[in-house]
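**Q** generate a structure from the sequence data that follows.
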Amino acid sequence: MSKKRILIGEDDRSIRFALSEFLQANNYQITEANSCEAIRQSFRSSAPDAAILDYALPDGTALDLLPTLKQSYPSVPLILLTGNGTIELAVQAMKEGAEQFLTKPVQMAAIAVVLERALKNQRNLQKQLAGRVKEKREAVDPFVGVSAAIRRVAEEAERVCATNCPVLIAGETGSGKGVLARWLHDHSSRAEDPFVDLNCAGFARELLESELFGHEAGAFTGALQRKLGLLEVAQKGTVFLDEIGDMDLQIQPKLLKILEEKQFRRLGDVQERHLDIRLIAASHADLAELIRDKKFRSDLYFRISTVVIRMPALRERTEDIPLLAQHFFQRMAVDLGRMHLSLSERTLETLSRYSWPGNIRELKNAMERAVLLATGDSIQPRDLRLEYVPGNTNSDGDESRLTFREVQRLHIQRALTSEHWNVARAATRLGITRSSLYNKIKAFGIVHPNGRN
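**A** Residues are numbered from 1 along each chain as shown. Okay, here's the model as predicted:
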């Protein structure tokens, strides 16, 4: 690990020498300065990790330096030394941003303790700032796009995010249900409290029950110590139960009771504990159909579905595909250090023609793969490694694999291409009116080769 760099700003040569010798012996790298100007120059040439500054210097005082240094180097702790300390001077120094104010003569042990604490505070601050930057960079906007479908989702989410009512998010796998759940939490009054998510499909009944409610030691075979359940961990915050349609029928009434009474008990415990959470659930399955098949309780459904928001499949919002692709591409290019790359127009057209059975998750993975595998300066269709793209003559796919919607879209594209994008002739060829064709072009997100709709 590299040594921490400490600047000693002191005009008294003997004190400067003593501090330097002591700190070097404690594995610090030392830079020395004997005036305000020398201190400024030292910061400009190589900002230190911390600075120990004498209050009185030949060309000014440390108070003259503090405002500029704290503005330009806010994370560098500044420790002030003075031979004539007063409470008023100490207060003023701390207000200007000094980490600590010490009166001479200073014990070296005291300097070591103060410096170590200041550097520890600096590391914690840097970690917090880095975490915030990372969270902000990694936060995903669930509403990227211009389609009517995603705008409708955004409007519904805006209306309910500030409430505490349960929300059920419906939609296909990979359509962004988890991202929307996180957005609802981050924009709620519970944003500062925990967000706990659990995929109900990933656990057997016994394990799921323990994960949700927790257990006491000895509650069942293998329960060697107490375990807090996720409901308890999420106290005051939000619980996101993904794929709730896969929850075991024996657990469903227990969850319902907890949601209604706002109390729960750990497995093997007799004490009732108060519960204050907001529940957001999601399911790719049709819960109404599961209710008809006796696989999901209707009373639990009514309890969790105060508000239902449906995330559209990506094939239902094809006009958003280029925007989403650019969004993911830019993030991946930064993360993978390939900022020189660009997305070609042919690639964007290929992305728009693909059916995306895995929805947004598949698109994100495709962009990551393309950024990794691209050999030129721009991402080409071959870099996507998609299985089958309608209209792609280089594909060895079979059109029988297309959905009915995809077949319609492909048929319209072929008619437009064969008629050189003369909409009137293409409409006649298809046996529909020109206005109907215009509506279908818009609905399918079909784009003119020159970029016009």
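**Q** find the nearest non-adjacent residue to Arg346, please.
**A** Pro381 (5.7 Å; CB to CB, 6 or more residues apart in numbering). Quick note: C-beta positions are derived from backbone N, CA and C, even for glycine.
**Q** sorry, that was for Glu32
**A** Ile8 (5.2 Å).
**Q** surely the one you found and Leu57 touch.
**A** No - the criterion here is CB atoms under 8 Å, and Ile8 misses it with Leu57 at 12.0 Å.
**Q** between the two, who's got more neighbours?
**A** Regarding Ile8 and Leu57, a neighbour count based on other CB atoms under 10 Å identifies Ile8 as having more, with 25 against 21.
**Q** in the sheet, who's paired with that one?
**A** When bridges are called by DSSP bridges, Ile8 pairs up with Glu32, Ile52.
**Q** give the contact list for it.
**A** The neighbours of Ile8, taking CB atoms under 8 Å, 6 or more residues apart in numbering as the test, are Arg16, Leu19, Ser20, Leu23, Ile30, Thr31, Glu32, Ala33, Ala51, Ile52.
**Q** how many neighbours does Leu89 have?
**A** 17.
**Q** roughly how far does it sit from Leu80?
**A** 9 Å (CB to CB, to the nearest Å).
**Q** intersection of neighbour lists for the two?
**A** With CB under 8 Å, 6+ apart, Leu89 and Leu80 have common neighbours Tyr55, Phe101.
**Q** among the contacts of Ile8, which ones are buried?
**A** Neighbour counting with 16 or more other CB atoms under 10 Å marks Arg16, Leu19, Ser20, Leu23, Ile30, Thr31, Glu32, Ala33, Ala51, Ile52 as buried within those.
**Q** redo the residues you listed as a markdown table? Include distance to Ala110 and pLDDT.
**A** Shown next, in a markdown table, are the buried ones among the contacts of Ile8 (distance: CB to CB, whole Å; pLDDT from 0 to 100):
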| residue | distance to Ala110 | pLDDT |
| --- | --- | --- |
| Arg16 | 17 | 90 |
| Leu19 | 12 | 91 |
| Ser20 | 17 | 92 |
| Leu23 | 13 | 92 |
| Ile30 | 18 | 92 |
| Thr31 | 21 | 92 |
| Glu32 | 20 | 93 |
| Ala33 | 22 | 92 |
| Ala51 | 17 | 92 |
| Ile52 | 12 | 92 |
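**Q** what's the helix or strand containing Leu351 packed up against?
**A** Using DSSP states H and E, Leu351 sits in helix 345-353. Using 3 or more CB pairs under 8 Å, 6 or more residues apart in numbering; DSSP states H and E as the contact test, the elements touching helix 345-353 are helix 321-335, helix 359-373, helix 381-384.
**Q** give the buried residues for the shortest one.
**A** Read that as helix 381-384. Quick answer for helix 381-384 (16+ other CB under 10 Å): Pro381, Asp383, Leu384.
**Q** go through those residues and say which is closest to Arg40.
**A** Nearest to Arg40 among these is Asp383, at 50.3 Å by CB to CB.
**Q** how far away is that closest one from Glu345?
**A** 14 Å.
**Q** still on that earlier bit, how about the helices and strands packed on helix 345-353, which one is nearest Lys104?
**A** helix 321-335 (49.1 Å).
**Q** show the secondary-structure elements that the closest one is packed against.
**A** Counting by 3+ CB pairs under 8 Å, 6+ apart, helix 321-335 packs on strand 342-343, helix 345-353, helix 359-373.
**Q** looking at the ones you listed, spot the one closest to Glu319.
**A** With CB to CB as the yardstick, what comes closest out of the helices and strands packed on helix 321-335 is helix 345-353 (8.4 Å).
**Q** run through the helices of the stretch 101-250 of the chain in chain order.
**A** 108-138, 148-160, 177-186, 205-213, 230-233 (DSSP state H, counting those that start in this stretch).
**Q** dump the ones you listed to JSON lines, plus distance to Ala443, mean pLDDT and mean neighbour count.
**A** Listed next are those as JSON lines, based on distance: least, CB to CB, whole Å; pLDDT from 0 to 100; neighbours: other CB atoms under 10 Å:
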{"stretch": "helix 108-138", "distance to Ala443": "33", "mean pLDDT": "69", "mean neighbour count": "13"}
{"stretch": "helix 148-160", "distance to Ala443": "10", "mean pLDDT": "95", "mean neighbour count": "16"}
{"stretch": "helix 177-186", "distance to Ala443": "24", "mean pLDDT": "95", "mean neighbour count": "22"}
{"stretch": "helix 205-213", "distance to Ala443": "41", "mean pLDDT": "85", "mean neighbour count": "18"}
{"stretch": "helix 230-233", "distance to Ala443": "42", "mean pLDDT": "88", "mean neighbour count": "18"}
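**Q** out of those helices, the one nearest His284 is which?
**A** Taking the helices of the stretch 101-250 of the chain one by one with CB to CB, helix 177-186 is closest: 7.7 Å.
**Q** give me the contacts around that closest one.
**A** Contacts for helix 177-186 (CB under 8 Å, 6+ apart): 139-142, 153, 157, 160-161, 167, 169-171, 191, 195, 197, 237-238, 240, 242, 278, 280, 282, 284, 309, 311.
**Q** cool, stretch 155-168 as well?
**A** 142-143, 180-181, 183-184, 187-190, 244, 259, 278-283, 287, 303-309.
**Q** which residue sits closest to Leu290 in space, ignoring its chain neighbours?
**A** Using CB to CB, 6+ apart, the nearest residue to Leu290 is Phe296, at 3.8 Å.
**Q** assign that neighbour to helix, strand or coil.
**A** Phe296 falls in the coil class when you classify it by DSSP: H, G, I helix; E, B strand; the rest coil.
**Q** what about it, how many residues nearby?
**A** Phe296: 22 neighbours (other CB under 10 Å).
**Q** please apply the same query to Lys227.
**A** 17.
**Q** so what's it bridging to?
**A** His215.
**Q** what residues are up against Phe444?
**A** Thr318, Arg405, Gln408, Arg409, Ile412.
**Q** phi, psi for the third one please.
**A** Reported as degrees, to the nearest 10, the phi and psi values for Gln408 are phi -60, psi -50.
**Q** check contacts around it.
**A** Contacts of Gln408 (CB under 8 Å, 6+ apart): Lys440, Phe444.
**Q** and the pLDDT for it?
**A** The confidence metric pLDDT takes the value 80 at Gln408.
**Q** quick check: domain ranges of this structure?
**A** For the chain, automatic domain parsing gives the domain ranges 5-136, 148-312, 315-392, 403-453.
**Q** least confident of these, on average?
**A** domain 403-453 (a mean of 77).
**Q** check the gap between the nearest residue to Thr238 once chain neighbours are set aside and Gly9 for me.
**A** Leaving aside its sequence neighbours, Thr238 sits nearest to His185 (CB to CB, 6+ apart; 4.2 Å). Per CB to CB, His185 is found 47 Å from Gly9.
**Q** much appreciated, bye for now.
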